[in-house]
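Chemist: Got a predicted structure here, sequence first:
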Amino acid sequence: MTTQERLQQAAELLAPWTKSTATPEDVRLDVVIDAADLGAAVAALHGARWGYLTAITGLDDGPDAGGLQALYHFIGGAAVVTLRVSLPYDNPTVPSVCGVLASASFFERELAEMFGVTVVDTPNPDRLFLPEDWPDGAYPLRKDYTDVPAPQAD
(Lines give C-alpha, C1' and ligand atoms only; values in the text may rest on other atoms or scores of the structure.)
Protein backbone atom coordinates (compact mmCIF):
# COMPACT_ATOMS: atom_id res chain seq x y z
CA MET A 1 0.00 0.00 0.00
CA THR A 2 1.36 3.42 -0.93
CA THR A 3 1.67 6.27 1.52
CA GLN A 4 -1.22 8.08 -0.16
CA GLU A 5 -3.38 4.96 0.09
CA ARG A 6 -2.52 4.66 3.78
CA LEU A 7 -3.51 8.29 4.36
CA GLN A 8 -6.75 7.74 2.43
CA GLN A 9 -7.47 4.66 4.54
CA ALA A 10 -6.92 6.66 7.73
CA ALA A 11 -9.20 9.45 6.47
CA GLU A 12 -11.94 6.90 5.79
CA LEU A 13 -11.51 5.25 9.19
CA LEU A 14 -11.71 8.62 10.95
CA ALA A 15 -14.52 10.12 8.83
CA PRO A 16 -17.29 9.60 11.41
CA TRP A 17 -15.50 11.87 13.91
CA THR A 18 -13.70 14.31 11.61
CA LYS A 19 -14.49 18.00 11.95
CA SER A 20 -11.83 19.08 9.43
CA THR A 21 -8.60 17.89 7.84
CA ALA A 22 -5.36 19.37 6.55
CA THR A 23 -2.39 17.95 4.67
CA PRO A 24 0.60 20.05 5.77
CA GLU A 25 2.93 17.69 3.85
CA ASP A 26 2.45 14.95 1.26
CA VAL A 27 2.97 12.25 3.89
CA ARG A 28 0.84 13.86 6.64
CA LEU A 29 -2.82 14.10 7.47
CA ASP A 30 -4.05 16.24 10.36
CA VAL A 31 -7.56 15.41 11.54
CA VAL A 32 -9.44 17.70 13.93
CA ILE A 33 -11.81 15.84 16.26
CA ASP A 34 -13.71 16.61 19.46
CA ALA A 35 -12.34 15.37 22.78
CA ALA A 36 -15.51 13.30 23.26
CA ASP A 37 -14.68 11.36 20.06
CA LEU A 38 -11.03 10.71 20.87
CA GLY A 39 -11.48 7.19 22.24
CA ALA A 40 -13.57 6.06 19.28
CA ALA A 41 -11.15 7.55 16.74
CA VAL A 42 -8.12 5.90 18.39
CA ALA A 43 -10.02 2.61 18.60
CA ALA A 44 -10.81 2.80 14.87
CA LEU A 45 -7.14 3.24 13.96
CA HIS A 46 -6.07 0.52 16.38
CA GLY A 47 -8.79 -1.89 15.30
CA ALA A 48 -7.76 -1.53 11.66
CA ARG A 49 -4.12 -2.05 12.66
CA TRP A 50 -3.33 1.33 11.11
CA GLY A 51 0.15 2.09 12.40
CA TYR A 52 1.07 2.90 15.97
CA LEU A 53 0.97 5.80 18.42
CA THR A 54 4.37 7.52 18.49
CA ALA A 55 3.59 10.45 20.80
CA ILE A 56 1.00 12.64 22.41
CA THR A 57 2.09 16.24 22.49
CA GLY A 58 0.57 19.51 23.58
CA LEU A 59 0.42 22.80 21.76
CA ASP A 60 -0.30 26.10 23.47
CA ASP A 61 -1.90 28.63 21.15
CA GLY A 62 -1.90 31.08 24.05
CA PRO A 63 -4.67 32.18 26.37
CA ASP A 64 -5.73 34.96 23.99
CA ALA A 65 -5.65 32.77 20.86
CA GLY A 66 -8.14 30.13 21.86
CA GLY A 67 -6.44 27.61 24.06
CA LEU A 68 -4.54 24.38 23.94
CA GLN A 69 -4.38 21.42 21.61
CA ALA A 70 -3.65 17.79 22.38
CA LEU A 71 -2.00 16.10 19.40
CA TYR A 72 -2.01 12.31 18.99
CA HIS A 73 0.61 11.28 16.43
CA PHE A 74 0.30 7.96 14.59
CA ILE A 75 2.78 6.48 12.10
CA GLY A 76 1.90 3.88 9.48
CA GLY A 77 4.89 3.23 7.20
CA ALA A 78 5.84 6.66 5.86
CA ALA A 79 2.36 8.06 6.57
CA VAL A 80 1.77 10.30 9.58
CA VAL A 81 -1.70 10.98 10.99
CA THR A 82 -2.20 13.51 13.76
CA LEU A 83 -5.44 13.69 15.69
CA ARG A 84 -5.89 17.29 16.86
CA VAL A 85 -8.14 18.00 19.83
CA SER A 86 -8.81 21.65 20.68
CA LEU A 87 -9.15 22.36 24.38
CA PRO A 88 -10.11 25.43 26.40
CA TYR A 89 -7.30 27.14 28.26
CA ASP A 90 -9.16 26.86 31.55
CA ASN A 91 -9.92 23.30 32.59
CA PRO A 92 -8.64 21.41 29.51
CA THR A 93 -9.82 17.80 29.64
CA VAL A 94 -9.44 14.72 27.42
CA PRO A 95 -10.41 11.11 28.02
CA SER A 96 -7.65 8.57 28.47
CA VAL A 97 -6.92 6.31 25.51
CA CYS A 98 -5.10 3.76 27.67
CA GLY A 99 -8.09 1.43 27.49
CA VAL A 100 -7.26 1.03 23.79
CA LEU A 101 -3.51 1.70 23.86
CA ALA A 102 -1.88 0.95 27.22
CA SER A 103 1.36 2.47 25.92
CA ALA A 104 -0.29 5.91 25.93
CA SER A 105 0.09 6.20 29.72
CA PHE A 106 3.54 7.83 29.61
CA PHE A 107 2.38 10.41 27.06
CA GLU A 108 -0.81 11.15 29.00
CA ARG A 109 1.19 11.76 32.15
CA GLU A 110 3.49 14.16 30.31
CA LEU A 111 0.53 16.03 28.78
CA ALA A 112 -1.01 16.49 32.23
CA GLU A 113 2.20 17.52 33.94
CA MET A 114 3.60 19.88 31.33
CA PHE A 115 0.38 21.43 29.94
CA GLY A 116 -2.14 20.99 32.75
CA VAL A 117 -4.50 18.85 30.69
CA THR A 118 -6.69 16.63 32.86
CA VAL A 119 -6.69 13.11 31.40
CA VAL A 120 -9.86 11.47 32.69
CA ASP A 121 -9.49 7.83 33.78
CA THR A 122 -5.78 7.58 33.03
CA PRO A 123 -4.49 4.56 34.95
CA ASN A 124 -1.37 6.28 36.32
CA PRO A 125 -1.57 10.02 37.02
CA ASP A 126 1.78 10.16 38.86
CA ARG A 127 4.32 12.82 37.96
CA LEU A 128 7.10 12.03 35.51
CA PHE A 129 9.56 14.90 35.57
CA LEU A 130 8.62 17.56 38.09
CA PRO A 131 9.25 17.18 41.82
CA GLU A 132 6.33 16.29 44.08
CA ASP A 133 6.45 19.74 45.69
CA TRP A 134 6.01 21.49 42.33
CA PRO A 135 3.29 24.16 42.68
CA ASP A 136 -0.19 23.36 41.40
CA GLY A 137 -1.14 25.36 38.32
CA ALA A 138 2.46 25.87 37.12
CA TYR A 139 2.78 24.12 33.75
CA PRO A 140 6.25 24.55 32.22
CA LEU A 141 5.26 24.20 28.55
CA ARG A 142 2.43 26.72 28.61
CA LYS A 143 3.04 30.17 27.22
CA ASP A 144 1.79 31.80 30.41
CA TYR A 145 4.32 29.92 32.55
CA THR A 146 6.70 32.00 34.60
CA ASP A 147 9.69 30.60 36.43
CA VAL A 148 8.88 29.20 39.83
CA PRO A 149 11.46 30.18 42.43
CA ALA A 150 13.46 27.27 43.82
CA PRO A 151 12.62 26.28 47.40
CA GLN A 152 14.95 27.89 49.93
CA ALA A 153 17.09 25.64 52.09
CA ASP A 154 16.50 25.96 55.82
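Modeler: Happy to help now that I have it. Numbering: from 1, shown residues only.
Chemist: what ranges do the helices span in this structure?
Modeler: Assigned by DSSP state H, the helices in the chain fall at 3-14, 38-47, 105-115.
Chemist: Report all helices and strands that the last one contacts.
Modeler: Pointing back at helix 105-115 there. Under the contact definition 3 or more C-beta pairs under 8 Å, 6 or more residues apart in numbering; DSSP states H and E, helix 105-115 sits against strand 52-60, strand 68-76, strand 118-120. Quick note: C-beta positions are derived from backbone N, CA and C, even for glycine.
Chemist: what sits up against it?
Modeler: The contact list for helix 105-115 (C-beta atoms under 8 Å, 6 or more residues apart in numbering) reads 53, 55-58, 60, 68, 70, 92, 94, 96-98, 117-119, 122-130, 139-142.
Chemist: partners of the closest residue in space to Thr18 that isn't next to it in sequence in the sheet?
Modeler: Nearest non-adjacent residue to Thr18, counting by C-beta to C-beta, 6 or more residues apart in numbering: Val31, 5.4 Å away. In this entry, Val31 is beta-bridged to Thr21, Leu83, by DSSP bridges.
Chemist: And Val31, how far from Ala43?
Modeler: As defined by C-beta to C-beta, to the nearest Å, Val31 lies at a distance of 14 Å from Ala43.
Chemist: So between the two, which is more surrounded?
Modeler: Counted by other C-beta atoms under 10 Å, Val31 and Ala43 do not tie: Val31 has more neighbours, with 23 against 15.
Chemist: where in the protein is pLDDT low?
Modeler: 148-154 (pLDDT under 70).
Chemist: at 80 instead, please
Modeler: 63-66, 147-154 (pLDDT under 80).
Chemist: Mind putting the helices of the chain into CSV with distance to Ser20?
Modeler: Below are the helices of the chain laid out as CSV (distance: least, C-beta to C-beta, whole Å):
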stretch, distance to Ser20
helix 3-14, 11
helix 38-47, 14
helix 105-115, 22
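Chemist: among those, which is nearest Pro135?
Modeler: Pro135 lies closest, by C-beta to C-beta, to one member of the helices of the chain: helix 105-115, at 12.4 Å.
Chemist: If anything else comes up later, I'll come back, but that's it for now.
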